[in-house]
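S.K.: I would like to see how this sequence folds:
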Amino acid sequence: MSNIALLERPASSAQARTARPTSSEAAAPLNGAAADLPAVRSPRGFALYVGLDEIKAAEAGVSLPLLVDALRRTLAELAPGAETHATVALAPHGSGGRDLDVVRLALQEPGAIARTKAAAEEDIAEEETGVTVDISRKRVLIDGESAAFTYKEFELLQYLVLREGRTIERSELVSALWQAQDDETPGERTIDVHVRRLRAKLGRYEDIVRTVRGIGYRFDRHADVVIRYGHGTPSPDRF
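M.R.: Predicted structure coming up:
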């Protein structure tokens, strides 16, 4: 009996983490597994996954159906009472990964699925690490969680971020972020208080806002910071 298994999503390089066993390595666990199984269980058969696409098969002078037929005939000679079931694994054109890993994923092999899930969770964790300054949505994410920044705190961070690599004087921050008609226009030293509060909320990433002694503050490109720009992002006055 034959069947076809479809791989819904392309296999990525992160999914190709299974070492290719040698023939001796493959045989050893089979013998050991039978000996270690509890008395209530016994082996009923085995699955052999073959990673080989049609192009590689053709280059070897064979085809997938021909290989399946040859394996079945060999098995019939060695164990006439054995039952067989063949499944061809299909994947989208251009999908990455090793052929063997694609086959194992398409056929829902538990070990391959577990590794793929772990790799995906690892990738998500990596993406959520660090600071994301989302200018389009006026928010800051710290390790994937939304931080409770006040409007002025966000404006202060945004002003520095948009002028990456430039030291901003305290007087400039005051004039840029507070209007003359505001009820409370801070002095230059009050900016230090706002920066301290900003850093406190940044936690372990507080050093992304640097102090330039006697002048003001600056933001430099940082590996832990991702900036998301929106269509209405103000154009920074770079010098």
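S.K.: What is the subsequent helix or strand relative to the helix or strand of the chain with the lowest mean pLDDT?
M.R.: For the chain, using mean pLDDT, DSSP states H and E, the weakest element among its helices and strands is helix 23-36, scoring a mean of 49. Where DSSP states H and E defines the elements, the next helix or strand beyond helix 23-36 is helix 54-59.
S.K.: contact partners of the following helix or strand past that following helix?
M.R.: Counting by DSSP H and E, the element after helix 54-59 in chain order, helix or strand, is helix 64-78. Here helix 64-78 makes contact (Cβ atoms under 8 Å, 6 or more residues apart in numbering) with 2, 48, 50, 52, 54, 57, 82, 84, 86, 88. (Each C-beta comes from the backbone N, C-alpha and C, glycine too.)
S.K.: Leaving out the residues flanking it, which one is nearest to residue 218?
M.R.: residue 167 (4.4 Å; Cβ to Cβ, 6 or more residues apart in numbering).
S.K.: My read is that that neighbour contacts residue 219, right?
M.R.: No. Residue 167 is beyond contact range of residue 219, at 9.7 Å (criterion: Cβ atoms under 8 Å).
S.K.: Which one of those two is surrounded by more residues?
M.R.: The residue with more neighbours, out of residue 167 and residue 219, is residue 219; 23 against 16, by other Cβ atoms under 10 Å.
S.K.: give the contact list for that one.
M.R.: Contacts of residue 219 by Cβ under 8 Å, 6+ apart are 157, 160, 161, 163, 164, 165, 208, 209, 210.
S.K.: now swap in residue 204 and tell me
M.R.: So residue 204 contacts nothing (Cβ under 8 Å, 6+ apart).
S.K.: what about it, is that helix, strand or coil?
M.R.: Recorded secondary structure, residue 204: helix (DSSP: H, G, I helix; E, B strand; the rest coil).
S.K.: do you know how far it is from residue 44?
M.R.: 53 Å (Cβ to Cβ, to the nearest Å).
S.K.: And residue 63, by the same measure?
M.R.: For residue 63, the distance to residue 44 - Cβ to Cβ - is 30 Å.
S.K.: These two: who's more crowded?
M.R.: residue 63 (12 against 5).
S.K.: State the pLDDT value of the residue lying closest to that one once chain neighbours are set aside.
M.R.: By the measure of Cβ to Cβ, 6+ apart, the closest residue to residue 63 outside its immediate chain neighbours is residue 57, 5.5 Å from it. The score at residue 57 is 88. That number is its pLDDT.
S.K.: can you tell me which residues contact residue 57?
M.R.: Here residue 57 is in contact with 63, 64, 67 (criterion: Cβ under 8 Å, 6+ apart).
S.K.: Can you lay out those residues as CSV showing distance to residue 73?
M.R.: Listed next are those as CSV, based on distance: Cβ to Cβ, whole Å:
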residue, distance to residue 73
63, 15
64, 15
67, 11
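S.K.: about what we covered before: write the PyMOL selection for whichever of the contacts of residue 219 are buried.
M.R.: Buried members of the contacts of residue 219, defined by 16 or more other Cβ atoms under 10 Å, are picked up in PyMOL with:
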select buried, resi 157+160+161+163+208+209
